[in-house]
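Undergrad: Fold the following and give me the result.
(chains A and B)
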Amino acid sequence: EAQVTQNPRYLITVTGKKLTVTCSQNMNHEYMSWYRQDPGLGLRQIYYSMNVEVTDKGDVPEGYKVSRKEKRNFPLILESPSPNQTSLYFCASSLALGLTTYGYTFGSGTRLTVV
Amino acid sequence: QKEVEQDPGPLSVPEGAIVSLNCTYSNSAFQYFMWYRQYSRKGPELLMYTYSSGNKEDGRFTAQVDKSSKYISLFIRDSQPSDSATYLCAMKATDMRFGAGTRLTVKP
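TA: Below you'll find the predicted structure:
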């Protein structure tokens, strides 16, 4: 089944404790992206990657890191989480031809709480 | 002003009703227009994908794009309780921009 898999689904952590949210897709998509979803604000892009070893900032990158060492994986790293990073996070992937991407396939989400 | 505006609702309709969901936008460079459906505790799933102006129909769903008015719509005919979800509009020039979503409940 074609899918984007995120882990963990739920995570409660303390301020300052480094964490990684994993994302993997099995569709051979070039494009991958991370979003956070907050009430009233909708989906906001954190980082994206057009292909292996190519990453770029989205609209809200502060406090996050990403890497794209393999085509299928795109982990999101929070080096020192803070309470304002409490949110619902989604990984998405898409076929890309050049700079053109198409409809996204989303993972099921990771609900992160930082206390 | 947000680039994409979407009424958050909530919207509640009886089963069988025609539902109209709408978004307005300010960036005239948007060329690709999408609707996503998001069930509770799930990620958004692509429902409709259209390019430029016009209509696109898929079963009970019709997407309309009016670029002159910077307005897009999603119509759901013969709505079912299984259509209860949050509907997100999305549009793209180089970057994808999402609306905040409209929560729809279809009551049996």
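
Undergrad: Got phi/psi on the closest residue to A:Ala2 other than its chain neighbours?
TA: Leaving aside its sequence neighbours, A:Ala2 sits nearest to A:Met27 (CB to CB, 6 or more residues apart in numbering or on different chains; 4.9 Å). Any C-beta I mention is one placed from the backbone N, CA and C, and that applies to glycine too. Backbone geometry at A:Met27, expressed as degrees, to the nearest 10, gives phi -110, psi 10.

Undergrad: Just the pLDDT for A:Met27.
TA: As predicted, A:Met27 sits at a pLDDT of 94.

Undergrad: A:Thr101 now?
TA: pLDDT for A:Thr101: 70.

Undergrad: need the contact list for it.
TA: Neighbouring residues of A:Thr101 by CB atoms under 8 Å, 6 or more residues apart in numbering or on different chains: A:31, A:94-95, B:92, B:96.

Undergrad: follow-up on the earlier one: based on its surroundings, how many neighbours for the residue nearest to A:Ala2?
TA: A:Met27 has 13 neighbouring residues, counting by other CB atoms under 10 Å in any protein chain shown.

Undergrad: same deal with B:Met96?
TA: Neighbour count of B:Met96, defined by other CB under 10 Å: 23.

Undergrad: ok, what's across the strand from it?
TA: B:Met96 has these beta-bridge partners by DSSP bridges: B:Lys92.

Undergrad: Same question for A:Ser49.
TA: Under DSSP bridges, the beta-bridge partners of A:Ser49 are A:Met32, A:Thr55.

Undergrad: Contact partners for it?
TA: Counted by CB under 8 Å, 6+ apart, A:Ser49 has contacts A:31-33, A:55-56, A:66, A:68, A:74.

Undergrad: Residue of chain B closest to chain A, please.
TA: B:Gly43 (3.3 Å; CB to the nearest CB).

Undergrad: Grab the nearest non-local neighbour of that residue.
TA: Leaving aside its sequence neighbours, B:Gly43 sits nearest to A:Phe106 (CB to CB, 6+ apart; 3.3 Å).

Undergrad: Let me know the distance separating the one you found from B:Met96.
TA: Noted for A:Phe106: a distance of 12 Å to B:Met96, by CB to CB, to the nearest Å.

Undergrad: cool, B:Ile18 as well?
TA: Applying CB to CB, the value for B:Ile18 to B:Met96 is 28 Å.

Undergrad: element containing A:Ala92, please.
TA: strand A:87-94 (DSSP states H and E).

Undergrad: Quick one: list the elements packing against that strand.
TA: strand A:4-7, strand A:19-25, strand A:31-38, strand A:105-106, strand A:110-114 (3 or more CB pairs under 8 Å, 6 or more residues apart in numbering or on different chains; DSSP states H and E).
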